[in-house]
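> Mind looking at a prediction? Sequence and model below.
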Amino acid sequence: MKNYIFLCLTLIIVFSFDSYAQQSKAAAGDKKYDNYAYIDAIKTYERVAEKGYKSEDMFKKLGNSYYFNSDFDGAAKWYTELFAMNTSVEPEYYYRYAQSLKSTGQTDKANKILAEFNAKFKNDNRGKLYKEDVNYLDQIKANSGRYKIEDAGINSKYSDYGSFIYDNKVYFASARDTGNFSQRKHKWTNEYFTNLYFADVDPATNTASKVNKFKTSINTKFHESSPVFTKDGKTVYFTRNNYVNGKKGKDDNKITLVKIYKASLDNNGKWTNITELPFDSDNYSTAHPALSPDEKTLYFASDMPGTLGQSDIYKVSINNNGGYSAPENLGNTINTEGKETFPYVTSENEIYFASDGHPGLGGLDVFVGKIEDNGTISNIQNVGADVNSPQDDFAYIIDPASRRGYFSSNKEGGQGSDDIYKFLETRKLQCVQTLEGIITDSQTNVVLPDTKVTLYEGTTIKNTTISDASGYYTFAVECGKTYNVRAEKQDYTTKEVSVTIGKLTGKTSLPIALDKSTCKVTIGDDLGKCFGIKMIYFDLDKSNIRTEAALDLEKILDVLNNNPTMKLDIRSHTDSRATHQYNQALSNRRAKSTIDWLIKNGVAKNRLTGKGYGETQLVNGCSDGIQCTEEEHQMNRRSEFIIMGL
């Protein structure tokens with residue numbers, strides 16, 4: 001941004017930049033009782049895969065089975081096979097593959113996968129730096145109606161803004177005419193340069209008395225604003241144009257920017273030792289200081305090198321010796337390509353700030369975010385339309401105990417270009433969300449009680465519960481966050497699902513349907529249903545085994561090898577198209593080819609029977625002369641592997 005534009009904004013309002021994992025513990029494939037055999041499908045998939053057969057679905061399941069057990073070497077192996085076949089898979093597989101690669105030391109390859117992930121899935125919270133909330137107006141509406149707002153009683157026809165409460169006094173900046181002979185107007189605004197003023201405030205009624213000028217050496221002939229006092233009242237930080245000891249500083253373009261200064265109160269009650277902070281510079285601006293409640297951290301706004309947008313919010317640590325750490329940008333969860341400014345931090349680990357980069361009503365809006373234990377900012381929300389308007393709304397402060405505070409705005413209806421408003425927050429901005437759902441069997445829709453359900457944020461376990469008698473589970477969650485929910489139950493395939501929680505108070509529903517990881521079969525059942533085998537594929541008008549058919553037959557072969565007393569009757573069916581005689585002969589040839597393949601691969605002949613049924617056992621009404629869709633005809637083209645003995 002051009003410096004002269006930045007300066008213009010600066011001087012108008014003083015720097016207002018303005019599982020497959022959890023397989024059944026029992027060896028289900030070898031277990032037989034009550035005339036039932038339990039088939040461990042996952043082990044079969046792996047044995048089939050080791051023979052060189054390839055299937056996208058199979059590689060997903062195998063990769064997941066290791067990933068959910070934190071066996072990242074195994075996960076990386078099978079995800080590598082998956083991506084060798086197809087790089088158009090769901091976003092979860094990119095993420096899991098990258099995580100597996102990272103965990104096995106393959107950082108460069110992991111970064112490549114993450115780069116593809118970011119490029120392909122721009123709406124995934126993990127894949128993009130900034131996500132525009134298309135429903136932001138709904139959030140603003142839900143967050144509105146929480147304030148009683150009044151004129152603060154300290155405004156003039158000029159600009160008044162940027163308040164701070166200390167010792168039952170409200171301090172603020174004002175460009176009001178004081179009648180002094182040394183009055184100086186800024187040529188761009190035709191208003192006087194701002195100085196610091198104060199008024200006594202009755203804490204019981206929050207009513208301000210007469211306004212007084214802060215008659216100290218802190219005020220100069222240029223701009224001062226944004227004072228913040230330490231609790232002992234002996235130190236004040238404030239914003240001023242680059243001017244100290246009668247000297248005006250300029251940047252390389254001969255423009256005077258703004259800096260944060262510090263002053264000390266001496267034993268005579270005078271503010272002395274006015275110095276700029278060590279991270280100030282003539283070539284960029286710093287402004288609007290805010291102290292953390294423990295006074296160990298100073299937050300501020302700046303456009304210093306490294307800023308993500310026009311201005312960002314930074315922080316520095318205040319050392320025990322009075323020095324400061326290097327400035328730290330608060331990051332892209334709070335800072336945008338636009339302007340973030342006027343930070344204010346409460347004892348409830350909240351940071352209020354003004355921004356025109358986050359979705360709002362126009363101009364600068366006031367937002368609030370949560371300061372996490374690691375210093376990052378999360379769950380940023382617009383405080384609502386009571387405070388915010390299509391104009392600039394900024395410099396929000398609040399007392400967490402009384403819920404009273406002040407903010408500044410140039411919204412319509414005020415007395416001057418900027419005005420200060422006082423407020424009472426009648427309802428805290430607190431988004432409360434629960435995540436709930438019902439666990440069911442994917443095939444029968446029967447509810448699954450006693451299912452272990454685990455809530456993850458990234459790789460961290462946040463909570464674990466067990467579904468109740470109706471299959472129901474619930475978690476308390478944070479609004480706006482993305483979680484993974486993992487459901488585990490014996491004899492079922494573990495499943496993990498990603499969910500993003502809504503940003504408004506309410507409930508987020510996440511039902512989870514689990515697939516059986518073991519098939520319970522008995523005499524008369526179709527073994528093919530265990531693996532979703534609908535038909536053994538042959539080339540048109542041919543009966544030789546195709547590659548796709550061999551993959552499915554390997555599954556059948558594996559089960560027969562692990563259940564040596566099992567006998568099968570192979571049944572091949574066709575649709576009604578072509579003649580009855582042709583379909584009968586073709587189905588016979590295909591049933592025979594299937595049996596021959598199994599015998600060739602080691603199955604005893606006396607364990608197998610079979611025949612073709614042509615079009616004699618249609619499963620729907622698609623007989624000769626009946627108009628049917630291709631999908632309906634497909635239902636009749638099927639292969640069956642009926643268990644005749646166990």
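Arrived safely. Owing to the predicted nature of the structure, the values given are computational and were not obtained by experimental measurement.

> Leaving aside the residues adjacent along the chain, what's closest to Glu350?
What sits nearest to Glu350 in space, not counting adjacent residues and going by Cβ to Cβ, 6 or more residues apart in numbering, is Val368, at 5.5 Å. C-betas here are computed from N, CA, C, even on glycine.

> What residues does that neighbour make contact with?
If you count contacts by Cβ atoms under 8 Å, 6 or more residues apart in numbering, Val368 has them with 350-353, 380-381, 383, 429.

> Equivalent analysis for Ser163, please.
Ser163 is in contact with 152, 170-172, 395, 397, 406, 408, 420, counting by Cβ under 8 Å, 6+ apart.

> Now do the helices in the chain.
With helices called from DSSP state H, the chain shows them at 3-13, 41-50, 56-67, 72-85, 91-103, 107-120, 136-142, 547-562, 580-600, 630-636.

> and of those, who's closest to Gln443?
Between Gln443 and the helices of the chain, the shortest separation by Cβ to Cβ is 13.1 Å, and it involves helix 41-50.

> Run the chain-centre distance for the closest one.
35 Å (Cα atoms, centre = their mean, to the nearest Å).

> now swap in stretch 351-359 and tell me
Distance, centroid of stretch 351-359 to centroid of chain: 18 Å (Cα atoms, centre = their mean).

> swap in stretch 322-335?
22 Å.

> what distance separates the start and the end of it?
28 Å (Cα to Cα, to the nearest Å).

> follow-up on the earlier one: let's have the helices of the chain in TSV, adding mean pLDDT, distance to Lys503 and mean neighbour count.
TSV is the format used below for the helices of the chain (pLDDT from 0 to 100; distance: least, Cβ to Cβ, whole Å; neighbours: other Cβ atoms under 10 Å):
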stretch	mean pLDDT	distance to Lys503	mean neighbour count
helix 3-13	31	30	19
helix 41-50	83	38	20
helix 56-67	85	29	22
helix 72-85	90	32	19
helix 91-103	80	21	21
helix 107-120	81	23	15
helix 136-142	75	5	16
helix 547-562	88	45	20
helix 580-600	89	55	18
helix 630-636	80	41	14
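
> Need the ones you listed in JSON lines (columns: distance to Gly413).
Below are the helices of the chain laid out as JSON lines (distance: least, Cβ to Cβ, whole Å):
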{"stretch": "helix 3-13", "distance to Gly413": "18"}
{"stretch": "helix 41-50", "distance to Gly413": "68"}
{"stretch": "helix 56-67", "distance to Gly413": "58"}
{"stretch": "helix 72-85", "distance to Gly413": "60"}
{"stretch": "helix 91-103", "distance to Gly413": "48"}
{"stretch": "helix 107-120", "distance to Gly413": "45"}
{"stretch": "helix 136-142", "distance to Gly413": "19"}
{"stretch": "helix 547-562", "distance to Gly413": "72"}
{"stretch": "helix 580-600", "distance to Gly413": "83"}
{"stretch": "helix 630-636", "distance to Gly413": "64"}
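
> Just the buried residues of stretch 406-422, please?
406-411, 414, 416-422 (16 or more other Cβ atoms under 10 Å).

> count of residues packed around Ala469?
Neighbour count of Ala469, defined by other Cβ atoms under 10 Å: 8.

> That one touches Pro449, doesn't it?
Yes - in this structure Ala469 lies within contact range of Pro449 using Cβ atoms under 8 Å: 4.9 Å.

> before we move on, the earlier item: which stretch among the helices of the chain comes nearest Thr508?
helix 136-142 (14.8 Å).

> Show me what that closest one is packed up against.
Applying 3 or more Cβ pairs under 8 Å, 6 or more residues apart in numbering; DSSP states H and E, we find helix 136-142 packed against strand 377-382.
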